[in-house]
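here's a sequence, model it:
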Amino acid sequence: MVQIAHSWRVTVAALAVGVVGILGFASPTASADPGFPPGPNPVPVPAPPVMPQAVTVAPGQAGTTVPGIVAAVPGAPAPVSSALAPARPAVPPAPAAAAPPAPPAQPAVLPASSGTLRDFFNGKNVKMEAQQAQNFKALDFTLPMPPGWTQVPDPNVPDAFVVTANRRSNSLYTSNAQLVVYRLVGDFDPKEAITHGYLDSAQLPAWRSTNASMADFNGFPSSIIEGTYRQNEMMLNTSHRHVIVTSGPDKYLVSLAVTTDAAQAVAEAPGTDAIVNGFRVGPPGSNPAAAAPPAAPAAAAAAPSSPAASQQAVPHQ
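Modelled structure (predicted):
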């Protein structure tokens, strides 16, 4: 019994040793180093797009401009660029404020091609009332009186307001100045009317114009034309000015004609120019003083004249 029992223990031990050996061959050899999984296969990565970068300039150093790089202002935070952020569109500068448009230029006054001033007023049913110098106070006038010139009655001038003449003239034709004033009763445009101011002169025989203008005269619509024409086989030199003056509710046509012998135009120029350039007209209280007439030529200075002749003004009251 004892022998059999011993053999059984030996058999059991042998079986245990065999099982351990089999397990030892079947198991892998243990290692003290930890295992790592194999790395993934390398994949090419696309390069990011080149974006403008910011370079911070240290205080006290001048910024340097490098192509593709924007220099930052010292002390300011550098802008952050990202390859994933979309580029911002450039903002156009605000347009500068437009200068106010210049006022339109006043159109030039063009002379009418037909019809005198009288024709124009007749066509507009405007009545022309001739005025007389005596007790006339609606307008102020300045009509220079050069040495040798005097106020004269002249029945040959229709509707004459004032007529002056040079009594010292050496010509068969006496140099003279004729002033005519009409009160205009009716509705019309003075600017339109004055465009007809040239045509009464242009109808004179053998008329040749030397100068003309439609510039305002003392702020009122006006025309002046100068030239020569023939009268009784004599060439005359003349200056015609028309002015449409407003005084209160009324309008007046004031016309001044200064005429001399063309052959004596140079000799008569000191007197005639003084009248043409010194003439003034306007509402009461607005009339400036006339320019002083030029000194008389030495030959004429010996002739007797009134001490106040050079300052004499045509009376209008």
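
the protein: strands as residue ranges?
Secondary structure of the chain, counting by DSSP state E: strands at 53-55, 69-71, 127-130, 140-142, 149-151, 162-166, 176-185, 208-213, 222-231, 234-247, 250-261, 280-282.

make CSV out of these and add mean neighbour count.
Heads up, the C-betas are built off the backbone N, CA and C, glycines and all. Output for these, formatted as CSV (neighbours: other Cβ atoms under 10 Å):
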stretch, mean neighbour count
strand 53-55, 14
strand 69-71, 13
strand 127-130, 13
strand 140-142, 19
strand 149-151, 19
strand 162-166, 21
strand 176-185, 21
strand 208-213, 12
strand 222-231, 19
strand 234-247, 21
strand 250-261, 21
strand 280-282, 22
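
turn these into a markdown table, including distance to R118 and mean pLDDT.
Written out in a markdown table, the entries for the strands of the chain read as follows (distance: least, Cβ to Cβ, whole Å; pLDDT from 0 to 100):
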| stretch | distance to R118 | mean pLDDT |
| --- | --- | --- |
| strand 53-55 | 86 | 44 |
| strand 69-71 | 82 | 39 |
| strand 127-130 | 7 | 98 |
| strand 140-142 | 22 | 95 |
| strand 149-151 | 26 | 96 |
| strand 162-166 | 20 | 96 |
| strand 176-185 | 9 | 98 |
| strand 208-213 | 19 | 96 |
| strand 222-231 | 14 | 97 |
| strand 234-247 | 11 | 97 |
| strand 250-261 | 9 | 98 |
| strand 280-282 | 20 | 96 |
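
so where's this structure uncertain?
Low-confidence regions of the chain, defined by pLDDT under 70, span residues 1-107, 287-317.

just the helices in it please.
Counting by DSSP state H, the segments of the chain that form helices are 2-26, 117-123, 190-194, 199-202, 265-278, 298-301.

the strands of the chain: which one's closest to E192?
Relative to E192, the nearest member of the strands of the chain by Cβ to Cβ is strand 234-247, separated by 10.2 Å.

so which of the strands of the chain gets nearest G197?
Judged by Cβ to Cβ, the one of the strands of the chain that comes nearest to G197 is strand 222-231, at 2.9 Å.

quick one: the closest one to strand 234-247, angle?
Between strand 222-231 and strand 234-247, the angle comes out at 160 degrees (axes from the mean of the first three to the mean of the last three Cα atoms, to 10 degrees).

pull up the pairing partners for strand 222-231, direction included.
When pairs are called by DSSP bridges, strand 222-231 turns out to pair with strand 208-213 (antiparallel), strand 234-247 (antiparallel).

right, and those strands - which one's nearest F220?
Among the strands paired with strand 222-231, the nearest to F220 by Cβ to Cβ is strand 234-247 (5.1 Å).

quick one, the closest one and strand 176-185 angle?
40 degrees.

how about the contacts made by D187?
The neighbours of D187, taking Cβ atoms under 8 Å, 6 or more residues apart in numbering as the test, are K124, V126.

that one and V126: what is the separation?
Applying Cβ to Cβ, to the nearest Å, the value for D187 to V126 is 8 Å.

how about D159, nearest residue that isn't a chain neighbour?
The shortest distance from D159 to any non-neighbouring residue, by Cβ to Cβ, 6 or more residues apart in numbering, is to A130 (3.8 Å).

show me what that neighbour is bridged to.
On the basis of DSSP bridges, A130 is bridged to Y182.

pretty sure it sits against V181.
Yes - applying Cβ atoms under 8 Å as the test, A130 and V181 come out as touching, 7.4 Å apart.

what residues do these two have in common as contacts?
F161.

and the gap between the residue nearest to P221 when sequence neighbours are not counted and N211?
Using Cβ to Cβ, 6+ apart and skipping the chain neighbours, the partner closest in space to P221 is I194 (4.1 Å). Applying Cβ to Cβ, one obtains 17 Å for the distance of I194 from N211.

again, but for A138
A138 is 30 Å from N211, where distance means Cβ to Cβ.

same check, this time on I244
Taking Cβ to Cβ as the measure, I244 and N211 are separated by 20 Å.

same question for A263.
Separation of A263 from N211 (Cβ to Cβ): 19 Å.

and V266, by the same measure?
Using Cβ to Cβ, one gets 16 Å for the distance from V266 to N211.

check L117 too.
For L117, the distance to N211 (Cβ to Cβ) stands at 19 Å.

please apply the same query to V157.
V157 sits 23 Å away from N211, taking Cβ to Cβ as the criterion.

what do you get for A108?
When A108 is compared with N211 (using Cβ to Cβ), they lie 17 Å apart.

cool, Y198 as well?
If you go by Cβ to Cβ, the gap between Y198 and N211 works out to 11 Å.

does S247 touch P283 like I think?
Yes - using Cβ under 8 Å, S247 is in contact with P283, at 4.3 Å.

what residues are shared contacts of those two?
Listed as contacting both S247 and P283 by Cβ under 8 Å, 6+ apart are A138, L139.

cool, thanks, talk later.
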